[in-house]
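Asker: I need the structure of the sequence given here:
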Amino acid sequence: MAKTESRMESDSLGKVEVPADALYGAQTQRAAENFPVSGLRLPRRVIRALALIKKAAAQVNRTSGKLEPKLADAIIQAAQEVAAGQHDRDFVVDIFQTGSGTSSNMNANEVIGNRAIQILGGVVGSKKPVHPNDHVNMGQSSNDVFPTAVHIAATEAIERDLVPALEALQAALAAKAKAFDHVVKIGRTHLMDAVPVRLGQEFSGYAQILTNTVRRVRGALPSVSELALGGTAVGTGLNSAPDFAPKIIRIVSEEIGIPLCQATNLFEALSTRDGLVEASGALRSAAASLTKVANDIRWLGSGPRCGIGEILLPDLQPGSSIMPGKVNPVMSEMLLMICAQVVGNDAAIGWGGAAGNFELNVMIPMMAYNLLHSVGILASGCRLFAARCVEGIEPNEERCLALTEQSLAMVTALNEAIGYDAAAAIAKESVKSGKTVRQLCLEKNVLPKEQLDRLLDARRMTGS
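Answerer: Below you'll find the model as predicted:
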């Protein structure tokens, strides 16, 4: 196998070979060699956020006179290209790396710096006229830039991807609640027959679960949108002007169209990742809620002959390689697996959040990957579940009526007329005889037929 062409670069540790066509440099190359762990790479949204920070920093440094306009303009152009995804192949550092994200921050500095050198007609890898540390990273530290990028990425992902997906599922469930309001069915508690409920009422509960989920997820955004930028290495802001970070944050906030702010206390903002833990907790709560909805829907649709079968789910694909005609509740199963993964991701994020030692948390890349993974799969799962399952659900009205009439719980409506003990005796006899509550009451002449029909009106039992 022919050896890949390379160029020689150097950093504070000495010389290192870098692929000749790579925009990254020596420090990124060392990280790639040190951490060939998982093949998992920095999420696209974090790369974009890093680039937006570097772009805004160059703008601020140009305006303040600290950065020569020609260099600043080249950095701004290069950073914009990175933000747009044009150089993603050059972000090669594994997620499992230095816990501060320094390797990924330097990956961004080197890619943007070398691309700026290209724009200016220089030699890639020369660090002239643009230096990755002195110019691209001016006024910054990995310790404040990387967590800032992660929080920006998480804020944008939650606001742009997850919340709209949750709202779409809420709307689909609410529409079914309205459409199914006339369908009376049997309720269930403890997995046992209970008094009647309308199918629309059940679905209104699911819709409210999603409304509450959106509220909880949105509730985490203020903590996530607090940024550590300006703290530099340990929270003191060394080598950064007091107005530097606020100006960058304002520029990035305007660019993405989402409110962002500098953290009130930069020592806290560097040493903890509590905002990410809080957001992950909201995602875990969402997973718990969605598990309930997905499970109920697949169980209500179980059958078609020998299960509950009160709703009809869309037929999407054959369900068995051996049983002809079998169709499975695949969209519920998909969403349930997503929820399980989100709970697992949350465990890792919570553990990582506890790893703040003195002035810095050192689990940030892993936390970033897992949080954005959770956001991404929840958003995709909710959209697909709404479009390919909920929107196609139809009621099985005949089955709902039959199960309601057969239920022993119908006797509950007779309590006030004949007493609890007499009603219980009818229920027990119904079990033994196989006759419905209505049949037994008519045979025994327990109540006048008109009164019995009124009391055993299942629709009346469900309220207004």
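Asker: show me the shaky parts of the protein.
Answerer: By pLDDT under 70, the weakly predicted segments of the chain are 1-3.
Asker: domain ranges for it?
Answerer: 21-138, 144-224+268-397, 407-461 (automatic domain parsing).
Asker: which non-adjacent residue is nearest the most centrally placed residue in the chain?
Answerer: The residue lying closest to the centre of the chain (CA atoms, centre = their mean) is residue 375, at 1.9 Å. Of all residues not flanking residue 375 in the chain, residue 157 sits nearest, at 4.5 Å (CB to CB, 6 or more residues apart in numbering). From N, CA and C alone the C-beta is placed, and that goes for glycine too.
Asker: tell me, how many residues neighbour that neighbour?
Answerer: 24 (other CB atoms under 10 Å).
Asker: element containing it, please.
Answerer: helix 142-157 (DSSP states H and E).
Asker: same question for residue 8.
Answerer: strand 6-11.
Asker: equivalent analysis for residue 205, please.
Answerer: Using DSSP H and E, residue 205 sits in helix 199-224.
Asker: over to residue 193?
Answerer: Assessed by DSSP H and E, residue 193 sits inside strand 192-198.
Asker: tell me which residues of that strand come out buried.
Answerer: For strand 192-198, burial by neighbour count (16 or more other CB atoms under 10 Å) applies to 193, 195-198.
Asker: contacts for it?
Answerer: For strand 192-198, the surrounding residues in contact (CB atoms under 8 Å, 6 or more residues apart in numbering) are 180-188, 404, 407-410, 412-413, 458-459, 461-462.
Asker: what sits up against the strand holding residue 8?
Answerer: With CB under 8 Å, 6+ apart, strand 6-11 has contacts from 15-20, 25-27, 29-30, 124-125.
Asker: make a markdown table out of the residues you listed and add neighbour count.
Answerer: Compiled in a markdown table, those are given as follows (neighbours: other CB atoms under 10 Å):
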| residue | neighbour count |
| --- | --- |
| 15 | 10 |
| 16 | 18 |
| 17 | 14 |
| 18 | 24 |
| 19 | 15 |
| 20 | 11 |
| 25 | 26 |
| 26 | 23 |
| 27 | 24 |
| 29 | 22 |
| 30 | 18 |
| 124 | 20 |
| 125 | 21 |
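Asker: what about these, which are in strands?
Answerer: 15-19 (DSSP state E).
Asker: of the residues you listed, closest to residue 289?
Answerer: Comparing these against residue 289 with CB to CB places residue 19 closest, at 47.0 Å.
Asker: what residues are up against the closest one?
Answerer: Applying CB under 8 Å, 6+ apart to residue 19 gives the contacts 4-7.
Asker: report the separation between it and residue 114.
Answerer: For residue 19, the distance to residue 114 equals 12 Å [CB to CB, to the nearest Å].
Asker: ranges for the strands of the protein?
Answerer: Going by DSSP E, the chain shows strands at 6-11, 14-19, 184-189, 192-198, 226-227, 261-262, 311-312, 356-357, 360-361, 394-395.
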